[in-house]
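Asker: Show me the folded form of this:
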Amino acid sequence: MNREATCTGVEEAPLDQSRARWAASVLFLVDGIGFGTWAAMIPSVKQTFALSESGLSIVLLAIVAGALISMSLIGSALSRHGSRTMLSWLAPGYAVALALMALAPGFGWLLGAAMIFGAFKGSLDVSVNAQAITIENAGKKPIMATFQALWSIGGLVAALLVGLALKQGVTPLVITLAIAAALLIAALTSSGALARGDASPTKRKRGFSLPNGRILRIGALAFLALFAEGVMMDWSAVYTRTVAGAEAWLAPLAYGMFSLSMATGRFLGDRVTAHHGGLAVLRVSGLLTFAGLLLIIAVHQWPLTFLGLGFAGLGLANLVPVLLGAGGRAHEESIGQGVAMVSMIGYFGFLAGPPSIGGLSHWIGLPGAFGVVVVFALLLAVWGPGVLARASVNSDAPSGSSSD
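Answerer: Purely as a prediction, here's the structure:
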């Protein structure tokens with residue numbers, strides 16, 4: 001039996017590769033646009049509810065709580081029903097949850113809606129990546145970086161739409177509801193073409209198993225990388241508005257700048273990693289991220305903040321594909337389990353980063369709090385390659401895809 005199929009639970013079933021890839025691409029865009037809309041609207045939410053940085057961090061923590069709860073449950077549901085079935089209701093639910101955030105009449109309602117949004121966000125992320133692995137294994141061709149690039153493109157599209165609509169005087173409520181409606185239609189019309197065959201209730205072990213030491217070390221690097229990515233996504237617009245002095249309509253485009261550079265890096269990622277290797281990509285990526293963040297906290301002018309976000313986006317773009325690939329190779333039994341474990345550790349950093357920075361900024365300000373992410377980027381550049389080399393089963397293996 002094919003080893004990749006065994007590791008991920010893919011059954012020997014016919015797959016319309018082009019239709020499935022198209023449908024999965026749409027859902028990666030839905031995921032990115034939905035989260036990008038929230039990220040771009042954060043300054044408006046902060047103003048509407050008169051939130052301080054610490055108050056906003058409570059909202060972000062509610063999203064974290066919802067996501068962590070849902071991610072602890074989604075694995076068994078995916079095993080029983082498969083990613084196609086789960087996505088058929090998770091993707092539409094995600095669009096509805098985004099609308100609930102906009103409709104919240106008070107802070108308490110906002111916290112509840114944030115937890116619901118986080119729950120759908122966490123479940124959707126795991127499920128759409130499981131679908132991507134299913135398609136990738138069936139086609140025997142690395143495409144994960146391209147899917148992740150589409151997620152970043154979705155964030156860019158959201159930032160542009162929100163920024164331009166605010167410039168025209170459209171209210172945040174109308175903007176969010178219109179985008180949510182479009183995402184709902186896209187989700188409902190695309191889920192039927194997704195790939196089947198990744199439900200495997202009889203193959204999955206019962207109980208919980210701890211990751212091995214190699215997985216933990218790679219997961220620690222993923223935590224640092226995704227901590228930085230989450231902070232950039234949730235705080236870039238607020239930082240550009242409140243620290244760098246950008247106008248209200250311009251601030252959401254900061255997130256768009258970051259997303260554009262992330263997408264550019266990811267579209268080039270498979271080729272660059274295949275040519276130079278994962279260790280070199282990790283080192284250069286950490287240095288680019290370090291340089292971009294240092295520029296952001298050193299010079300408080302929005303054009304240079306945009307430039308710093310561009311450097312940081314390019315730096316962070318290919319860390320996840322490299323680290324997920326290393327995690328898959330580092331697991332003793334299953335590529336899929338290694339990828340899942342590294343993803344879970346890293347995603348905790350993605351979710352915990354924004355509220356942590358928000359809480360810290362209450363005491364030392366946003367530029368000072370961003371200094372933590374600068375240190376993380378330096379650790380990735382200096383400490384990361386050695387850790388990755390020691391943790392990998394075969395450090396010479398290609399790292400361009402999560403299915404390596």
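
Asker: For residue 42, what is the enclosing helix or strand?
Answerer: Per DSSP states H and E, residue 42 falls inside helix 17-48.

Asker: Sketch out the low-pLDDT regions of the stretch 201-350 of the chain for me.
Answerer: Scanning the stretch 201-350 of the chain for pLDDT under 70 picks out the ranges 201-211, 325, 328-340.

Asker: in it, which spans are strands?
Answerer: Under the criterion DSSP state E, counting those that start in this stretch, the stretch 201-350 of the chain carries no strands.

Asker: need the next SSE after the helix holding residue 42, C-terminal direction.
Answerer: helix 53-81.

Asker: isn't residue 175 right up against residue 165?
Answerer: Yes. Between residue 175 and residue 165 there is a contact under CB atoms under 8 Å: 4.7 Å. Heads up, the C-betas are built off the backbone N, CA and C, glycines and all.

Asker: if I look at residue 245, how far off is residue 92?
Answerer: 39 Å (CB to CB, to the nearest Å).

Asker: The two: who's more crowded?
Answerer: Neighbour tally, residue 245 and residue 92, criterion other CB atoms under 10 Å: the higher count belongs to residue 92, 19 against 13.

Asker: For that one, which three-state class applies?
Answerer: In three-state terms, and counting by DSSP: H, G, I helix; E, B strand; the rest coil, residue 92 is helix.

Asker: Chain neighbours aside, what residue packs nearest to it?
Answerer: residue 187 (4.7 Å; CB to CB, 6 or more residues apart in numbering).

Asker: do the same with residue 222
Answerer: Distance criterion CB to CB, 6+ apart; nearest residue to residue 222, sequence neighbours excluded, is residue 346 at 3.0 Å.

Asker: Longest helix of the chain, counting residues only.
Answerer: Longest helix in the chain, counting residues (DSSP state H): helix 335-382.

Asker: So which elements touch the next helix or strand after it?
Answerer: The first helix or strand that comes after helix 335-382 along the chain, using DSSP H and E, is helix 384-391. In terms of contacts (3 or more CB pairs under 8 Å, 6 or more residues apart in numbering; DSSP states H and E), helix 384-391 is packed against helix 213-242, helix 278-298, helix 319-330.

Asker: roughly how far apart are the spatially closest residue to residue 310 that is not a sequence neighbour and residue 356?
Answerer: Leaving aside its sequence neighbours, residue 310 sits nearest to residue 261 (CB to CB, 6+ apart; 4.5 Å). Distance, residue 261 to residue 356, using CB to CB: 23 Å.

Asker: what do you get for residue 16?
Answerer: Per CB to CB, residue 16 is found 43 Å from residue 356.

Asker: With residue 192 instead?
Answerer: Residue 192 is 40 Å from residue 356, by CB to CB.

Asker: which helices and strands does the helix holding residue 42 pack with?
Answerer: Using 3+ CB pairs under 8 Å, 6+ apart: helix 17-48 touches helix 53-81, helix 83-103, helix 107-139, helix 144-167, helix 172-190, helix 213-242, helix 252-276.
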